[in-house]
Structure formats: C-alpha cells, structure tokens
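K.L.:
Sequence plus predicted model, see below.
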Amino acid sequence: MSTKSRAVSAKGVEEFKTYITRSIPLNAVITCADNTGAKTLKVIMVTKAKTRLGRYPAASVGDHIQCTVKRGPPDLRNQVWGAVVIRQKYAVRRVSGQRICFEDNAAVLVTPEGEMKGTDIKGPVASEAAEKWPRIANLASVVV
C-alpha cells in the first residue's frame, strides 16, 4: 500500500494561502484608483465568493468584483464593469505578523480578459493584489 493518503494524491498539495478578512460588502461605494475618469464605484457582486447560505458576499484585497460607476463620465455610467480591489481600510495581517491598512477602499476597472481599462494607478497597491494580478503590479507606482 502506498504511503500517501488518498486525499493528498487526489487533490494535490496546496500551498499556504493567507486569510484576508473580507471587509467590503455588497452596495459599498468605493473609490476608483485609475485614470479612466470614474470617481466612485458601487459593488454589485463579488465574483467567486463562496459563503454560507444567507450571508452577504464581501470582497477583500485582490478580489475580482462586478461594479457600476456612480460618479464619472456618462459613457462609463449605467453599465456593469469588472474591477479588482487594490486597497481596503480594514487591517490585513501578513505572514510576517505585521498588519497593514489603507486610508480608503479602492479598486481599478478591468476588462473581461483581465487587462486594465486605465493606464495609470493613483496611490499605493497592496502586495496581495499585486501577486494575484501581475498586470496591475506593472502599472502600480507603489506596491506596499
């Protein structure tokens, strides 16, 4: 009989994934941190959010969300856009033990293919989001 358990051989060994508290719920209004012209975004759906029955989905740093533009140019308003959360006010605990939090909740608009809609990011980007989204990391001026 083999030394591996059936669960490990069937599923594979997953690397350690840190837990980030999801602090941006549905209907939250967050700032848009790119140069598309949008000022504020309203969260309408968190993509791939697996939660308990009856619990509102919420997003954290690095999550992909669906949102609408609340303040911005008319060509961006009244449409559903994809976005990636790059900052959150609630503290994020890192493996090293330090906690990091930002002044605001912010996201950047992305296309369905994962490309950024804008060409510049205003303000810092959390390293958790930069690891998941390399295109965002390339355009970020500061990764914290």
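P.N.:
Structure received. Residues are numbered from 1 along each chain as shown.
K.L.:
can you count the residues close to residue 20?
P.N.:
Neighbours of residue 20 under the rule other CB atoms under 10 Å: 20. C-beta: built from backbone N, CA, C; applies to glycine.
K.L.:
cool, and residue 17?
P.N.:
6.
K.L.:
what do you get for residue 25?
P.N.:
For residue 25, the count of nearby residues is 13 (other CB under 10 Å).
K.L.:
Distance of it relative to residue 131?
P.N.:
Counting by CB to CB, to the nearest Å, the gap from residue 25 to residue 131 is 24 Å.
K.L.:
Mind giving me the packing neighbours of the helix or strand containing residue 131?
P.N.:
Using DSSP states H and E, residue 131 falls within helix 127-132. For helix 127-132, the contact count by 3 or more CB pairs under 8 Å, 6 or more residues apart in numbering; DSSP states H and E identifies strand 80-87, helix 134-139 as packing neighbours.
K.L.:
model confidence over it, on average?
P.N.:
With pLDDT averaged residue by residue, helix 127-132 scores 93.
K.L.:
The chain should start at 44 in everything you say after this.
P.N.:
Let's use 44 as the start, then, which means that last one is helix 170-175.
K.L.:
quick one: buried residues of that helix?
P.N.:
Across helix 170-175, burial judged by 16 or more other CB atoms under 10 Å covers 170-173.
K.L.:
In this structure residue 176 contacts residue 128, no?
P.N.:
No - because the distance of 10.1 Å does not satisfy CB atoms under 8 Å, residue 176 is recorded as not touching residue 128.
K.L.:
what do those two both touch?
P.N.:
Listed as contacting both residue 176 and residue 128 by CB atoms under 8 Å, 6 or more residues apart in numbering are residue 105.
K.L.:
In terms of packing, which of the two has more residues around it?
P.N.:
residue 128 (29 against 21).
K.L.:
The more buried one is in contact with residue 105, isn't it?
P.N.:
Yes - judged on CB under 8 Å, residue 128 makes contact with residue 105 at a distance of 6.6 Å.
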